[in-house]
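Student: need a structure here:
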Amino acid sequence: MFSLYAAGIPASAEEAARAPHDLIVSSVLERIAPPGDFEGAASQPVAADSAAPHADQLIVSVRFTNVSDHIVDSIRITSPVPADVQYVPRSASGPGSEVLFSIDDGRSFGRPDELTLTAEDGTVRDAEPADYTHVRWVLRAPLDAGASGVARFRAVPR
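Tutor: This is a model prediction of the structure:
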C-alpha cells in the first residue's frame, strides 16, 4: 500500500483523525522511458504501489497544497519507497527543504551519514540507499495559504 503523510498528518488512521487537514497531498510514480521505448515521451504514470517493468528509473513525485486560509508551519512530507524499487542516491529534491531518510519503516529519520544498521552478529555498518524505506522532506519555511509544491526522488527497480 502506498501511503503519504504530511504536516503532522501521520499514516495511522487514529492519528490522522486527530490531525489538521490543512494540506492536500497526492503522489505520482512515473516511469522514465529507456531511449526508444516510447515515441516522444519522457515519462509515463504507472501504478503508485509498484515499479514498472523494464523501466530504467522511476520518479516518485509528491505534490502538496495548503488548502487552508492560513499559513501552515512545520511541514513534513513523508513518502515510502515502494518495496520493489530502491532509492537513487542524492536524487531527492524539494522546495527549501531538508531531506531525511528512514531505514526502519518510518519510525525514525536521519541524514544518510547518521544511519547505521546492526547485523545479527552485532557488527554495525553504514546504511545504504537500498536500505531506505521512507523519504521525508522537512520544509524550512511556512507554506502560505493556497501555496503548493512538489517534492520528488528517483528510484530504480530492485
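
Student: Show me where the protein dips below the pLDDT cut-off.
Tutor: For the chain, the stretches with pLDDT under 70 are 1-21, 33-55.

Student: what are the ranges of the helices in the chain?
Tutor: 13-18 (DSSP state H).

Student: quick one: the strands in it?
Tutor: Applying DSSP state E to the chain gives strands spanning 5-6, 23-32, 43-46, 57-66, 76-80, 85-87, 97-102, 116-118, 124-126, 134-139, 148-157.

Student: Out of the ones you listed, which gets nearest to G110?
Tutor: With CB to CB as the criterion, G110 lies closest to strand 97-102 of those, at 6.0 Å. Glycine gets a C-beta too; all of them are placed from N, C-alpha and C.

Student: Determine the set of other helices and strands touching the closest one.
Tutor: With contacts taken as 3 or more CB pairs under 8 Å, 6 or more residues apart in numbering; DSSP states H and E, strand 97-102 sits against strand 134-139.

Student: and the angle from the strand it packs on to strand 148-157?
Tutor: Using axes from the mean of the first three to the mean of the last three CA atoms, to 10 degrees, the direction of strand 134-139 lies 160 degrees away from that of strand 148-157.

Student: now what about strand 134-139, what contacts it?
Tutor: 60, 62, 75-81, 87, 92, 94-102, 105-106, 109, 149, 151, 153 (CB atoms under 8 Å, 6 or more residues apart in numbering).

Student: contacting residues for the residue of the chain most remote from its centre?
Tutor: Taking CA atoms, centre = their mean, the residue of the chain most remote from its mean C-alpha position is D121, at 31.3 Å. For D121, no contacting residues are found, by CB under 8 Å, 6+ apart.

Student: among the contacts of strand 134-139, which ones are buried?
Tutor: Burial by neighbour count, 16 or more other CB atoms under 10 Å: within the contacts of strand 134-139 this picks out 60, 62, 75-81, 87, 92, 94, 97, 99-102, 106, 109, 149, 151, 153.
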